Structures are given as structure tokens and as C-alpha cells.
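Asker: Below: sequence and its predicted model.
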Amino acid sequence: MNAIQPQTLTFALPHLKAGGIEMVVKALLCNLDRSRWAPVLILNRAEGELLAQLPPDVPVLNCGGRGLLQRSRALARLLRKHPAAVLYSGTNAMNLSAVLAVSLLPPHLQPKLVISEHTTAETYLATARHPLLRKLLIRALYPRADHLAVPLHAIGEGWQVALNLPGPPLACLPNPVLNEADLDRLRRDPPARVPGRIVAAGRLIPDKGHDVLIRAFAEVRRATPGAKLLIYGTGPQHPSLKTLTQDLGVEDHVHLMGYSSDLLREFARAELAVLPSLREGFGNVAVEALAAGTPLVASRCLGPEAILQGGKLGVLVPPGDAGALANAILKEMQSRPDAEILARGQEAAIKYKIPSAVAAFDSFASGILRADGAVPLQPARKAADIR
């Protein structure tokens, strides 16, 4: 009897720079069961620091193409040459391109299409260029996908309501955030907490609110001279944030650290973690801070509010309010951490372990193929067997 062949599962993103959706896709590419899936990555631009972390068996295809139509045609050409059983796209631009690309393929080459959103519709449309045109395109094209994948059900509902979308069906899939090996190292060799150390992480872009955090930190420094702020991440705001630290006189106490491959350990060294986003659909770093057992102050955005269970597992403040953020940071630094709350936070983070999240994704992807009568897959591994 012939062995069952792995099914091709293709991911499409603009790039692989360190960000939320990029980290999710990287974790899936690294951990999917190769007896069941043959993963492929298509990038609009083959760039980003996460490329170096991909396994050597993952083909990386450069799509290219500027603008929706050109990108869609380029993606369709790649899918003809490299047929997929399932196509998973991330970000609005690639989602729209993926829908059009699949429509350009003959029926026997059309994959099951899963588009994904990791931020709220309100957030995206508030900053998108040509928002009215975007709304029209989303309303016309998103319902043609087979599923809309989201990390929180409320994100999907928000897209449906904001754009009056009749479809596609929602699939709520937990983000694969926590690496088991990193957690094991942390348990075996926990680093010492550094008093006064405040850690934040995220792309250096306006939505992440790092400028608000730096302004809040300047107030914190006046009351707590020993405080230090470490911000991990890369992005276009690096020069302006550096200038802001100089303007506020805190350049010797705020460090823009660049990319870190082990944020969990950096959070574990901190006295306090801060997530100052102006808008945040999920917030992988909130999960990492909870898993590290570090007290967390976060903006009251949809993602952090859900992860922190409405403020039960950490402190929530209004987005963009430097004064409120400074007050919350000072209060937390002047208080003894609540061991019970920290323990509950670590427990809540468990469902975002990579093995559990990859198993959920595998079950979902194999389910949509079974429903379509596709070639069967090898039996799935248990989550505990995924490394």
C-alpha cells in the first residue's frame, strides 16, 4: 500500500520581520508535523530577521509585485507552479491578494483558503490608506475565502460587524507563542530579577505606543532615579524614539535593544513589563510577560484586556495616556508583587504554548481538507510530541 503523502500547506505574508503574525507563522513553519504537512512560505519581499530561524526544509518563494493586481497575479503564478492544499495568508494586503490569486487558478488547483486577521477592524481602518476603497475590497473579497482565522473571537466578530461581512466562517486559533525549550530553560535556570528594570517589546511603529511609554518613563525617573527602560524590537521609529529620549533627558536610561530571540528570559529579568500599545488586537508579549511571572501594565486594548482577563491578571490603563501609564508603573514598582496573581497569569498563558497551538492549527487545517474530501493525512501527533 502506498504511503500517505504530506499535504502542501502554504503561508503567504508580506515579509518575515519580527512582528505578531510573522512570529505565529514562523512557529507553525518550525513545528508542523512533516509526516502530515509540507510547509511552504511565500513572501512579497524575502526579508526579515526571522528568515534565519526557519528550518532548511521550508522553501521560501519571493512573490514580488507592487499593488494588489500585480501581487495577485504573481501569487497565482507561484501557486500554479507550487500547488497547495491549504493557503494561509496574513495581513490585509496579502489576504486580498490571496483571494484574487486563488480566483485566477483553475478549479483543480484552487487550495482551501484561510485568510487571517490579528488586529481589530477599527484599528486597521483607522490607519489604512484609502479606507473607503479598502472597505469595498474587503466586503467584496473576504467572503470568498473558506475561513477567517483570528486569535480571539472578538476580533473576528469586530470585522464582521464593522464591515457587515456575510462570511467567511470564523476560526479562532490560539497564537503559538511560548517555546517549550525556553520555558524549560527558565524553570531550570531562572535569572535574577533586576530591581528597577522595566521591559517592553514590539515593532517600533506608532501603534505600539513606545513614545507614550518613554514620556511616562521620564515621569517615573523623577520619582525612581534607579529605573531603567529596555525596549526590544526594530522598526522605522527607532531614530525618532532615540531623539525623544534625548529631548526628555533620559537617553542614558532608555535603551533601544533591537531584536531578541528570547524575550521570555528578558521579561523574567525585569521588575515590570509594559505593553503601551495604542491599538492591539492580541499582544504576544503580554503572554510572554505572564509566562515569565512578571507583573504587567498594559493598555486597555482588546487583546491585552482579554489576555489579562479584564485586569484580573495585570493593570490596564487608557491607551495613549502617559500620565496614567506613569502612575500605574510607579504604583506597581512601589508594591510587593502578588504571588497568587502571578501564578494565575502563568497558568493562563499555558494555552499559548507552541505544542498546544500547533496541534489546534493542525486539527483545523486537516478538518477543512477532510470536509472537502481531500487525500487523507497521516494520524496527528499529540501536542506533547511536538517540539
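Answerer: Alright, I've got the coordinates. In this text the structure is predicted, and so the values were computed from the model without any measurement.
Asker: Nearest residue to residue 74 in space, please, no chain neighbours.
Answerer: residue 65 (3.8 Å; Cβ to Cβ, 6 or more residues apart in numbering). Heads up, the C-betas are built off the backbone N, CA and C, glycines and all.
Asker: cool, and residue 44?
Answerer: Closest to residue 44 by Cβ to Cβ, 6+ apart is residue 14, at 4.5 Å.
Asker: Could you do residue 351 as well?
Answerer: Counting by Cβ to Cβ, 6+ apart, the nearest residue to residue 351 once its immediate chain neighbours are dropped is residue 174, at 5.6 Å.
Asker: So that neighbour versus residue 153, what's the distance?
Answerer: Using Cβ to Cβ, to the nearest Å, residue 174 is found at 11 Å from residue 153.
Asker: Neighbour count: the two, which is higher?
Answerer: Using other Cβ atoms under 10 Å, the more surrounded residue of residue 174 and residue 153 is residue 174, with 20 against 12.
Asker: Enumerate the positions of stretch 56-70 that are buried.
Answerer: Residues 58, 61, 63, 65 are the ones in stretch 56-70 that count as buried (16 or more other Cβ atoms under 10 Å).
Asker: How about stretch 15-34?
Answerer: Quick answer for stretch 15-34 (16+ other Cβ under 10 Å): 16-33.
Asker: In strands only, show me the residues you listed.
Answerer: Of the buried residues of stretch 15-34, none are assigned to strands by DSSP state E.
Asker: Can you tell me who residue 86 pairs with across the strands?
Answerer: residue 9, residue 112 (DSSP bridges).
Asker: Show the pLDDT at it.
Answerer: Residue 86 carries a pLDDT score of 98 in this model.
Asker: For it, give its distance to residue 347.
Answerer: 32 Å.
Asker: Residue 228 too?
Answerer: For residue 228 relative to residue 347 (Cβ to Cβ), the value is 29 Å.
Asker: centre of the chain versus stretch 322-333, how much separation?
Answerer: 26 Å (Cα atoms, centre = their mean, to the nearest Å).
Asker: Identify each buried residue in stretch 304-315, please.
Answerer: Those would be 304-308, 313-315, for stretch 304-315 by 16+ other Cβ under 10 Å.
Asker: no, scratch that, I was asking about stretch 203-212
Answerer: Those would be 203-212, for stretch 203-212 by 16+ other Cβ under 10 Å.
Asker: Out of those residues, which sit inside helices?
Answerer: Counted as lying in helices by DSSP state H, out of the buried residues of stretch 203-212, are 210-212.
Asker: and those as JSON lines, adding pLDDT and distance to residue 281?
Answerer: Listed next are these as JSON lines, based on pLDDT from 0 to 100; distance: Cβ to Cβ, whole Å:
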{"residue": "210", "pLDDT": "98", "distance to residue 281": "17"}
{"residue": "211", "pLDDT": "98", "distance to residue 281": "20"}
{"residue": "212", "pLDDT": "98", "distance to residue 281": "18"}
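Asker: need the residues you listed in CSV with distance to residue 236, can you?
Answerer: Output for these, formatted as CSV (distance: Cβ to Cβ, whole Å):
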residue, distance to residue 236
210, 12
211, 13
212, 17
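Asker: If we only consider the residues you listed, which is nearest to residue 158?
Answerer: For these, the closest approach to residue 158 (Cβ to Cβ) belongs to residue 212, at 23.2 Å.
Asker: Now do the strands in the stretch 1-150 of the chain.
Answerer: 7-13, 37-43, 60-62, 86-90, 112-116, 147-150 (DSSP state E, counting those that start in this stretch).
Asker: Let me know the average pLDDT across whichever helix in the chain runs longest.
Answerer: Ranked by residue count, the top helix of the chain under DSSP H comes out as helix 354-371. Taken as a whole, helix 354-371 has an average pLDDT of 94.
Asker: Are there helices or strands packed against that helix, and which ones?
Answerer: Here helix 354-371 touches helix 20-31, strand 86-90, strand 112-116, strand 147-150, going by 3 or more Cβ pairs under 8 Å, 6 or more residues apart in numbering; DSSP states H and E.
Asker: No further queries at this time; thank you.
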